[in-house]
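A.B. asks: Sequence plus predicted model, see below.
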Amino acid sequence: MAKDRSVFSCQSCGTQSARWLGRCPGCDEWNTLVEEKVLAPLKAKRSGSVRSAPPPQPIGELQAIAEARSSSGIAELDRVLGGGVVPGSVILIGGDPGIGKSTLVLQALAYLATKGAALYVSGEESPQQIKMRADRLGVDASSLLVFSETNIETILDQTKKIDPVILAVDSIQTVFTDDLQAAPGSIGQIRESAARIVQFAKRQGLACVLVGHVTKEGSFAGPRVLEHMVDTALYFEADRGHPFRILRAVKNRFGSTNEIGVFEMKQEGLQAVENPSALFLAERPVDVPGSVVIASIEGTRPILVELQALVSATALGTPRRTTLGIDHNRVALLVAILEKKMGVQLGGHDIFLNVAGGVRIDEPAADLGALLAVASSFLDRTIDPQTLVIGEVGLAGEVRAVGQVEARVREAAKLGFLRCVVPESSKRQIAEVEGVEVRGVQSIQQAWDFLL
Ligand SMILES: Nc1ncnc2c1ncn2[C@@H]1O[C@H](COP(=O)(O)OP(=O)(O)O)[C@@H](O)[C@H]1O
Ligand SMILES: [Mg+2]
């Protein structure tokens, strides 16, 4: 009878080999061969044999299952997940070591343990270490079970016996299956173990959380290889030195991927930040040239952030254009528009543009603010700190409409802003917001005249 065996397949061209090779003979790429399991067929295959499965059905006759999401007890996490944890879904949480993945998972599991057993499998820490963290976080749930194990077969066997409402595996890099010879943490092991967990989760209708470290190289052997297998992939990000953590969905089969969750790391664990705008503006210097506050829509909510520009004469032949948190090419474009339309000569200046607080903006609505921040720094003139700037800038220097202007203006009003500069065409669509003077502009010239 045929036996199960392993093959090594190239991840870039598909060439297979019976043993591991450093260089793929098919495409000459290095380090692309990964061990994979080949299951022996149970019976000799009969030609024309089909599996019994329900025939294709008209979509109108299918019954939708009621969505039974359970809250994780952490509002910001629920928001990123699209409203809560869906049974049978697999959630991947990636991030740098030490960012707070285990903390977040433990906090969520402690809450979910009030609805049934929650199983926390750790391959990195001993139960005593986990207990120490749990004490620090104030987590004490009798139905939260802790299991130190790395063998995937044992883990799934125990899970089946316990039948929990949620299973968390921390981290996927530490688990392995006996069926592959490769070491734990290798790409073949990670993929095979994750595939088994995904299969198990779907069959049992069990929600699973996989924790994955992002390696220095970012992708290799990291959680990225799992993104296509899981239902939801979340990444935890932080700016070094900031206590804030931002949880971002890069893939979500059950919700939007635009939502972000903002947390603060404290002694007692991760705390959801309910008003991120106030947090991102907390350290804002007032009356300093180059600082402009904009409103960005993250998912369904507006967040106010500060853009900081620094324009200084360069000693280099080619002036530098350095950005942090905002697209480099977009800024280059805005600088070109500024030069052409406003006659500002920036060729002999380095330009640095930074989004304060470690946030990332990828919305054209930030254009006008970015452009004015650069102009403000160049002219060494301040922009009124109680003015919010919103608008997309076109190549002709026109200010174009952006979405959800009213939500942005309301957020500004909440934080005590007195004026908002918005695109003229968007101004007509919004109702009056108390306490805020809304100024519509059609071109960057008008915005410049009003603010600088
Ligand atoms: N005693 C402590 N007091 C406050 N914060 C702590 C303490 N111990 C650990 N931390 C915080 O928890 C973080 C580690 O979180 P953890 O959930 O283990 O990260 P990960 O699982 O992503 O590697 C550390 O970076 C630190 O900021
Ligand atoms: Mg950890």
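C.D. replies: Thanks, I have the structure now. These numbers were taken from a predicted model, which means no experiment stands behind them. Ligands and ions are numbered 1, 2, ... in the order given.

A.B. asks: Hmm, Gly261 and Gly100 touching each other?
C.D. replies: No: under the criterion of Cβ atoms under 8 Å, Gly100 makes no contact with Gly261, lying 11.7 Å away. Where you see a C-beta, it was placed from the backbone N, CA and C, and this is true even at glycine.

A.B. asks: What is the burial count for Pro285?
C.D. replies: By other Cβ atoms under 10 Å, 13 other residues sit near Pro285.

A.B. asks: so how far is ligand 1 from it?
C.D. replies: 27 Å (Cβ to the nearest ligand atom, to the nearest Å).

A.B. asks: Now do the same contact list for the closest residue to that residue other than its chain neighbours.
C.D. replies: Leaving aside its chain neighbours, Pro285 sits nearest to Ser291 (6.3 Å; criterion: Cβ to Cβ, 6 or more residues apart in numbering). Going by Cβ atoms under 8 Å, 6 or more residues apart in numbering, Ser291 touches 284-285, 306-309, 373, 376, 382-383, 385.

A.B. asks: same thing but at 10 Å, please
C.D. replies: Applying Cβ atoms under 10 Å, 6 or more residues apart in numbering to Ser291 gives the contacts 284-285, 306-309, 356, 373, 376-377, 382-383, 385.

A.B. asks: Out of the residues you listed, who's the most crowded?
C.D. replies: Using other Cβ under 10 Å as the neighbour criterion, Ala373 leads the contacts of Ser291 with 30 neighbours.

A.B. asks: can you list the residues of this protein near ligand 1?
C.D. replies: 95, 97-103, 136, 265, 267 (Cβ under 6 Å from any ligand atom).

A.B. asks: Let me know the closest of those residues to Ala313.
C.D. replies: Checking these against Ala313 with Cβ to Cβ, the nearest one is Ile99 at 38.5 Å.

A.B. asks: Tell me which of the contacts of Ser291 fall in helices.
C.D. replies: Mapping those onto helices (DSSP state H) picks out 373, 376-377.

A.B. asks: Turn the residues you listed into TSV, including pLDDT.
C.D. replies: Putting these into TSV (pLDDT from 0 to 100) gives the following:
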residue	pLDDT
Ala373	96
Ser376	96
Ser377	96
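
A.B. asks: Out of these, the closest to Gly391 would be?
C.D. replies: Ala373 (13.1 Å).

A.B. asks: circling back to that earlier point, and the two most separated of the contacts of Ser291?
C.D. replies: Ala356 and Thr382, at 16.0 Å, using Cβ to Cβ across these.

A.B. asks: Domain-wise, how is this protein divided?
C.D. replies: With domains defined by automatic domain parsing, the chain comprises 1-40, 75-273, 279-451.

A.B. asks: Least reliable of these by average pLDDT, please.
C.D. replies: Mean pLDDT is lowest for domain 1-40 out of those, coming in at a mean of 82.

A.B. asks: Name the residues of it that are buried.
C.D. replies: Within domain 1-40, the residues that qualify as buried are 6, 8-11, 15, 24, 26, 32-36, counting by 16 or more other Cβ atoms under 10 Å.

A.B. asks: from the contacts of Ser291, which is closest to ligand 1?
C.D. replies: When those are compared for distance to ligand 1 (Cβ to the nearest ligand atom), Ala356 wins out at 21.3 Å.

A.B. asks: Going toward the C-terminus from the biggest helix by length in the chain, what's the next helix or strand?
C.D. replies: Across the chain, the longest stretch assigned as helix under DSSP H is helix 187-204. Using DSSP states H and E, the helix or strand that follows helix 187-204 in sequence is strand 207-213.

A.B. asks: Give me the sheet partners of the helix or strand just after that next one and which way each runs.
C.D. replies: Sequence-wise, the next helix or strand downstream of strand 207-213 (DSSP H and E) is strand 232-238. In the sheet, strand 232-238 lines up against strand 90-95 (parallel), strand 244-252 (antiparallel) (DSSP bridges).

A.B. asks: How far off centre is the following helix or strand past the shortest one?
C.D. replies: Using DSSP H and E, the helix or strand that follows strand 90-95 in sequence is helix 101-112. For helix 101-112, the gap between its own C-alpha mean and the chain's C-alpha mean amounts to 18 Å (Cα atoms, centre = their mean, to the nearest Å).

A.B. asks: immediately after helix 101-112, which helix or strand?
C.D. replies: Following helix 101-112 in sequence, per DSSP H and E, is strand 118-122.

A.B. asks: hmm, back to that, which one's more surrounded, Gly100 and Gly261?
C.D. replies: Gly261 (26 against 19).

A.B. asks: Surely Trp448 is within a helix?
C.D. replies: Yes: with DSSP: H, G, I helix; E, B strand; the rest coil as the criterion, Trp448 is part of a helix.

A.B. asks: Next, count neighbours for Met342.
C.D. replies: Met342, neighbours per other Cβ under 10 Å, totals 15.

A.B. asks: doesn't Ala336 make contact with it?
C.D. replies: No: counting by Cβ atoms under 10 Å, Met342 stays clear of Ala336, with 11.1 Å between them.

A.B. asks: re earlier: which residues are in contact with both of Gly100 and Gly261?
C.D. replies: In contact with both Gly100 and Gly261: 236, 245, 247, 270, using Cβ under 10 Å, 6+ apart.

A.B. asks: Turn those residues into CSV, columns for neighbour count.
C.D. replies: Converted to CSV, those look like this (neighbours: other Cβ atoms under 10 Å):
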residue, neighbour count
Phe236, 22
Arg245, 25
Leu247, 27
Leu270, 26
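
A.B. asks: just those residues now: which is nearest ligand 1?
C.D. replies: Distances from ligand 1 to the shared contacts of Gly100 and Gly261, taken by Cβ to the nearest ligand atom, are shortest for Phe236, at 6.9 Å.

A.B. asks: sorry, back to before: would you list the domains of the chain in TSV and tack on distance to Pro54?
C.D. replies: Below are the domains of the chain laid out as TSV (distance: least, Cβ to Cβ, whole Å):
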stretch	distance to Pro54
domain 1-40	24
domain 75-273	16
domain 279-451	36
